[in-house]
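Engineer: just a sequence and a predicted model for now, questions to come.
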Amino acid sequence: MRTIKLLYFLVLVCIAAACESDSASELNNSQGTGGSMTRFAISNGYMYIANQNTISVFDIRNNTFEKINMISTTGGLETIVARGEYLYLGATDAMYIYSITDPVEPTFIFRYAHIVSCDPVVVQGNRAFVTLRSGSACNRGANALEIIDITNKNNPSLIANYPMLSPHGLGVDGNLLFICEGEHGLKVFDIQNEQSIQLKHHIENIHAYDVIPLNGILLLTGEDGVFQYRYDSEKGDLVLLSKIPVKRTEE
């Protein structure tokens with residue numbers, strides 16, 4: 001198992017989450033920024049951890065870390081993201097939406113079913129972006145990007161589906177969507193026209209696992225290491241700022 005890759009990405013998630021708040025009071029009223037492949041999300045002083053078939057709730061207010069609830073689910077959970085009053089969970093069979101209006105008691109809202117595959121989710125406004133990936137660990141499936149209208153949380157609808165090579169993690173910032181294609185590198189798309197997204201930039205000579213775009217800075221992890229890029233929010237151009245190399249290890 002390539003634990004070093006996951007360790008570095010956990011560090012990046014913690015850094016990004018810390019950037020969101022400078023005090024305990026701000027933490028209690030903020031949402032952390034993490035990667036799309038992560039199994040935990042932070043919202044308003046609570047941490048939610050997606051296990052295979054449960055959502056664990058931790059109170060992290062006032063510098064505490066106390067497990068206060070555990071919600072049973074149907075299973076197959078892989079990723080989680082918090083946006084507003086909702087949790088969006090990627091699973092092997094669907095995207096699940098839970099309400100956290102009561103932050104201690106996440107409540108199931110809707111299950112958006114799709115092909116069985118690996119599927120991280122990111123959310124911006126009333127849009128969810130999901131990558132589907134085939135592979136031995138994900139059973140049978142397709143390699144694709146789905147754009148979903150989540151205006152009505154009780155009835156999400158598919159806007160568009162785009163074929164991909166081997167999509168892993170993804171991130172969105174304004175009109176730019178960043179998709180990690182594993183050994184095929186990183187792609188940057190202009191998503192202003194959801195029915196016809198445009199490829200703006202493709203870095204092919206890296207292995208890309210997951211990304212965090214934040215205020216013009218992109219943090220990327222892969223088997224080659226941890227990368228930091230500056231990106232142009234209009235053109236989608238990328239400039240490499242730094243790299244922490246990681247020696248590849250076999251599983």
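Structural biologist: Everything's here; your move. Numbering: from 1, shown residues only.
Engineer: going forward, measure contacts between C-alpha atoms and count neighbours the same way
Structural biologist: Fine.
Engineer: excluding its backbone neighbours, what's nearest residue 131?
Structural biologist: Spatial nearest neighbour of residue 131, excluding adjacent residues (C-alpha to C-alpha, 6 or more residues apart in numbering): residue 145 at 4.5 Å.
Engineer: no, scratch that, I was asking about residue 220
Structural biologist: Leaving aside its chain neighbours, residue 220 sits nearest to residue 211 (4.4 Å; criterion: C-alpha to C-alpha, 6+ apart).
Engineer: so that neighbour: helix, strand or coil?
Structural biologist: Secondary structure, DSSP: H, G, I helix; E, B strand; the rest coil: residue 211 is strand.
Engineer: tell me, how many neighbours does it end up with?
Structural biologist: Other residues lying near residue 211 total 30 when counted by other C-alpha atoms under 10 Å.
Engineer: tell me the contacts of it?
Structural biologist: 35, 36, 169, 170, 171, 178, 179, 180, 218, 219, 220, 221 (C-alpha atoms under 8 Å, 6 or more residues apart in numbering).
Engineer: could you dump those residues into CSV and include neighbour count, secondary structure and pLDDT?
Structural biologist: Shown next, in CSV, are those (neighbours: other C-alpha atoms under 10 Å; DSSP: H, G, I helix; E, B strand; the rest coil; pLDDT from 0 to 100):
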residue, neighbour count, secondary structure, pLDDT
35, 30, coil, 65
36, 29, coil, 66
169, 28, coil, 91
170, 30, strand, 93
171, 25, strand, 94
178, 24, strand, 96
179, 26, strand, 96
180, 29, strand, 95
218, 20, strand, 95
219, 21, strand, 94
220, 25, strand, 94
221, 27, strand, 92
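Engineer: got TSV for those residues, with distance to residue 87 too?
Structural biologist: Shown next, in TSV, are these (distance: C-alpha to C-alpha, whole Å):
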residue	distance to residue 87
35	14
36	13
169	17
170	17
171	16
178	21
179	21
180	22
218	23
219	23
220	23
221	24
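Engineer: lowest-confidence helix or strand of this structure?
Structural biologist: Lowest by mean pLDDT, DSSP states H and E among the helices and strands of the chain is helix 3-19, with a mean of 44.
Engineer: on that earlier part again, what sits against the residue nearest to residue 131?
Structural biologist: By C-alpha under 8 Å, 6+ apart, the contact set of residue 145 is 129, 130, 131, 132, 161, 162, 163, 164, 167.
Engineer: just say helix, strand or coil for the third one.
Structural biologist: Here residue 131 is recorded as strand under three-state DSSP.
Engineer: isn't it right up against residue 144?
Structural biologist: Yes. Counting by C-alpha atoms under 8 Å, residue 131 does reach residue 144; the two are 5.7 Å apart.
Engineer: please say which of those two ends up with more neighbours.
Structural biologist: Between residue 131 and residue 144, counted using other C-alpha under 10 Å, the more crowded position is residue 131 (30 against 19).
Engineer: which secondary structure element contains residue 108?
Structural biologist: Assigned by DSSP states H and E, residue 108 belongs to strand 107-113.
Engineer: that strand: which residues count as buried?
Structural biologist: Buried residues in strand 107-113, counted by 16 or more other C-alpha atoms under 10 Å: 107, 110, 111, 112.
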